[in-house]
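Trainee: Quick one, what's the 3D model for this:
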Amino acid sequence: MSQQYVGAIDQGTTSTRFMVFDHGGDEVGRHQVEHEQILPQAGWVEHDAAEIWANTRTVVEKGLEAAGIAATDLAAVGITNQRETTVVWDRRTGEPYGHAIVWQDTRTAALARTIEEDGRGAIVHAKSGLPPAAYFAGGKLHWILENVDGVRADAEAGHALFGTIDTWLIWNLTGGPDGGVHVTDVTNASRTMLMDIEALQWDDELLEIFEIPRQMLPEITSSSQEFGRTRADGPFGTEVVLAGNLGDQHAALVGQACFEPGMLKNTYGTGNFLVLNTGTEIVRSERGLLTTVAYRFGDAPPVYALEGSIAVTGSAIQWLRDQLKVFAEAADSEALAETVDDNGGVYFVPAFSGLFAPYWRPDARGVIVGLSRFNTVAHVARAALEAICYQSKDVVDVMVADSGIELEVLRVDGGITANELCMQIQADILDIEVSRPVVAETTALGAAYAAGLAVGFWTGTDELVANWSESKRWTSQWTDEDREAGYHQWKKAVERTLGWVE
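Mentor: Next up, the predicted model:
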């Protein structure tokens with residue numbers, strides 16, 4: 001069996017998986033393992049990077065077994081990752097200096113506010129395309145340098161390395177302390193507040209604002225090029241080309257074959273992430289969206305995007321399951337919500353980590369409003385599904401205003417798209433068609449596509465477009481009056497979240 005497949009490591013917020021795809025973009029096999037969510041105090045979210053690396057080894061070995069292939073059957077491997085989550089480790093030992101600070105973590109909100117208020121925020125926004133916010137990696141790295149003993153001294157001496165999760169995994173896969181490759185790609189770098197979005201390089205002025213030693217930063221590469229080979233003593237057991245690297249939402253855009261300007265996808269995961277391809281043009285948002293690098297293939301010009309990031313969507317369903325014990329499995333939310341005809345006047349705004357786009361309000365916290373004795377847990381479950389969709393509408397509305405593009409179809413992917421009631425509600429609220437592809441795990445598929453393009457497994461994006469096919473489409477069933485009334489109440493509920501954290 002020659003190299004007929006491409007693999008993808010998909011390292012997400014709650015789990016790590018390895019998936020294998022054939023030339024048609026169809027899944028051949030997978031394995032997935034969850035990791036611990038560490039919550040030391042309110043607003044803090046951490047992961048154990050060593051646990052994630054151990055899980056990566058496991059999923060690769062088990063994923064190859066599930067696919068019934070050997071590592072030598074892989075033409076290349078791509079990596080996609082939870083973005084912004086920040087790791088600092090010792091290059092001499094490979095040991096992290098502490099837990100990774102997760103993208104949802106809000107401990108750096110005060111730093112972001114200070115930078116915004118003293119005028120440096122305009123510099124950050126203009127150069128990086130991002131507003132100062134606790135969401136992004138630069139502030140998290142500053143916090144580690146200032147608060148973890150010995151890290152700044154080691155960074156100045158060249159011993160401490162920084163990376164988002166893609167960088168951490170690539171470094172380990174290619175040798176770790178014994179010659180590991182220290183790289184990231186333009187999409188992950190564009191989420192740090194440290195990269196000039198036009199030059200695609202670390203920027204000295206931004207590094208000065210966040211007090212980051214340049215020597216701890218990885219080299220920035222394209223999203224699709226050979227940047228290393230796995231070590232024979234690693235999970236693949238042989239040398240395999242590593243050739244694709246994309247932050248998860250960028251990978252999903254590629255997996256959805258959204259290669260033309262004006263194409264939009266929404267990934268429904270722990271949070272929701274809407275990404276609109278704007279082509280080679282940098283579109284600056286005036287309404288709270290992020291300007292980001294969508295992807296860069298080889299030496300081709302970079303493709304840019306507008307993004308609306310929503311912190312809590314699928315994780316609200318997990319919260320109902322794990323903390324409130326409303327249902328035993330996340331999938332049960334659909335059946336429970338279907339037992340009622342509507343939300344019974346209940347609105348749930350899950351601002352557990354503040355509100356991201358388009359509000360950018362770290363002072364917000366979650367609320368459930370409109371409760372009466374008539375209401376049951378079924379109304380709360382339905383309100384949670386509606387919250388996923390209303391938050392998406394908040395972003396879509398400003399995306400249309402910023403881009404001037406009228407949307408007709410929303411391509412969707414991610415775990416929640418299996419919840420058909422939620423997808424119907426999404427079509428109802430947006431009044432545009434919602435389209436789910438046959439391969440819903442487009443994040444892993446996009447990483448595989450980037451890797452395969454780099455080694456010639458696929459000859460160009462035309463082949464990837466031909467691979468895309470639709471599984472199901474939803475059309476709105478609400479009247480304009482239903483839609484307007486529901487959104488009016490949603491906006492009132494959002495107002496109730498604001499100003500809670502002083």
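
Trainee: Where do the strands of the stretch 201-350 of the chain begin and end?
Mentor: Ranges of strands in the stretch 201-350 of the chain, per DSSP state E, counting those that start in this stretch, are 201-202, 219-221, 224-229, 241-247, 264-268, 272-279, 290-295, 303-310, 347-349.

Trainee: Which one of the ones you listed lies nearest to A66?
Mentor: strand 241-247 (20.6 Å; C-beta to C-beta). (Glycine included, C-beta is placed from N, CA and C.)

Trainee: what pairs with that closest one, and is each one parallel or antiparallel?
Mentor: Strand 241-247 has the following strand partners under DSSP bridges: strand 74-81 (parallel), strand 224-229 (antiparallel).

Trainee: For G138, find the nearest of these.
Mentor: strand 74-81 (16.9 Å).

Trainee: I'd like the next helix or strand past that closest one.
Mentor: Heading C-terminal from strand 74-81, the first helix or strand you meet, by DSSP states H and E, is strand 86-90.

Trainee: ok, and what's touching that following strand?
Mentor: The contact list for strand 86-90 (C-beta atoms under 8 Å, 6 or more residues apart in numbering) reads 49, 95-98, 100-101, 137, 140-141, 144-145, 148, 151, 154-155, 159-165, 167-168, 216.

Trainee: how about the strands in the stretch 51-200 of the chain?
Mentor: Applying DSSP E, counting those that start in this stretch to the stretch 51-200 of the chain gives strands spanning 74-81, 86-90, 100-101, 160-164, 183-185, 195-196.

Trainee: need those in TSV with distance to E34, mean neighbour count and mean pLDDT, can you?
Mentor: Formatted as TSV, the strands of the stretch 51-200 of the chain follow (distance: least, C-beta to C-beta, whole Å; neighbours: other C-beta atoms under 10 Å; pLDDT from 0 to 100):
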stretch	distance to E34	mean neighbour count	mean pLDDT
strand 74-81	16	29	97
strand 86-90	19	25	98
strand 100-101	15	26	98
strand 160-164	20	27	98
strand 183-185	25	28	98
strand 195-196	31	22	97
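
Trainee: Dump those to CSV, plus distance to F227.
Mentor: Compiled in CSV, the strands of the stretch 51-200 of the chain are given as follows (distance: least, C-beta to C-beta, whole Å):
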stretch, distance to F227
strand 74-81, 10
strand 86-90, 18
strand 100-101, 21
strand 160-164, 13
strand 183-185, 5
strand 195-196, 17
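
Trainee: surely V501 meets G366?
Mentor: No: under the criterion of C-beta atoms under 8 Å, V501 makes no contact with G366, lying 11.4 Å away.

Trainee: Which of those two has more residues huddled nearby?
Mentor: Neighbours per residue (other C-beta atoms under 10 Å) separate V501 from G366, with G366 holding more: 18 against 15.

Trainee: wait, the more buried one sits on S353?
Mentor: No: using C-beta under 8 Å, G366 makes no contact with S353, being 9.2 Å away.

Trainee: residue farthest from the centroid of this protein?
Mentor: Distance from the C-alpha centroid of the chain peaks at R373, with 38.2 Å (C-alpha atoms, centre = their mean).

Trainee: So it versus G344, what's the distance?
Mentor: Computed as C-beta to C-beta, to the nearest Å, the R373 to G344 distance reads 11 Å.

Trainee: Burial check on G446, number of neighbours?
Mentor: Residues contacting G446 under the criterion other C-beta under 10 Å number 33.

Trainee: any shared contact partners between G366 and S353?
Mentor: Common neighbours of G366 and S353 (C-beta under 8 Å, 6+ apart) are V312.

Trainee: Looking at the chain, which helix is longest?
Mentor: Counting by DSSP state H, the longest helix found in the chain is helix 377-403.

Trainee: Now the element after it, going C-ward?
Mentor: Counting by DSSP H and E, the next helix or strand C-terminal to helix 377-403 is strand 409-413.

Trainee: relative orientation of the helix or strand just after that following strand and strand 409-413 in degrees?
Mentor: Scanning forward in sequence from strand 409-413 by DSSP H and E, the next helix or strand is helix 420-430. Helix 420-430 runs at 150 degrees relative to strand 409-413, counting by axes from the mean of the first three to the mean of the last three C-alpha atoms, to 10 degrees.

Trainee: Any buried residues in helix 420-430, and which?
Mentor: Buried residues in helix 420-430, counted by 16 or more other C-beta atoms under 10 Å: 421-430.

Trainee: Can you lay out these as TSV showing distance to E211 and pLDDT?
Mentor: Shown next, in TSV, are the buried residues of helix 420-430 (distance: C-beta to C-beta, whole Å; pLDDT from 0 to 100):
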residue	distance to E211	pLDDT
L421	48	96
C422	43	96
M423	45	97
Q424	49	97
I425	45	97
Q426	42	97
A427	47	97
D428	48	97
I429	43	97
L430	42	95
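
Trainee: Could you find which two of these are furthest from each other?
Mentor: Among the buried residues of helix 420-430, L421 and L430 lie farthest apart (C-beta to C-beta), at 15.1 Å.

Trainee: before we move on, back to that, of all the strands paired with strand 241-247, which lies closest to A335?
Mentor: When these are compared by C-beta to C-beta, strand 74-81 sits nearest A335, at 31.1 Å.

Trainee: Give me the angle between the closest one and strand 160-164.
Mentor: Using the same axes, to 10 degrees: strand 74-81 against strand 160-164 is 90 degrees.

Trainee: Could you find the closest non-adjacent residue to Y347?
Mentor: Spatial nearest neighbour of Y347, excluding adjacent residues (C-beta to C-beta, 6 or more residues apart in numbering): A493 at 3.8 Å.

Trainee: Can you give the distance from whatever helix or strand the one you found lives in to the centre of its chain?
Mentor: Here A493 sits within helix 480-497, counting by DSSP H and E. In terms of C-alpha atoms, centre = their mean, to the nearest Å, the centre of helix 480-497 is set 27 Å apart from its chain centre.

Trainee: And the contacts of it?
Mentor: Residues external to helix 480-497 that are found in contact with it (C-beta under 8 Å, 6+ apart): 345, 347-349, 351, 355, 359, 361, 364-367, 369-370, 386, 390, 393-394, 428-429, 431, 476, 478.

Trainee: now with 7 Å?
Mentor: Outside helix 480-497, the residues within contact range by C-beta atoms under 7 Å, 6 or more residues apart in numbering are 347, 349, 351, 355, 364-367, 369, 390, 393, 428-429, 431.

Trainee: what do you get for stretch 461-468?
Mentor: Defining contact as C-beta under 7 Å, 6+ apart, one finds that stretch 461-468 is touched by 24-25, 257, 259, 437, 449, 458.

Trainee: And for stretch 253-265?
Mentor: Residues from elsewhere that reach stretch 253-265 (C-beta under 7 Å, 6+ apart): 246, 252, 274-279, 294-295, 305, 405, 407, 410-411, 413, 437, 442-443, 445-446, 449-450, 461, 464-465, 468.
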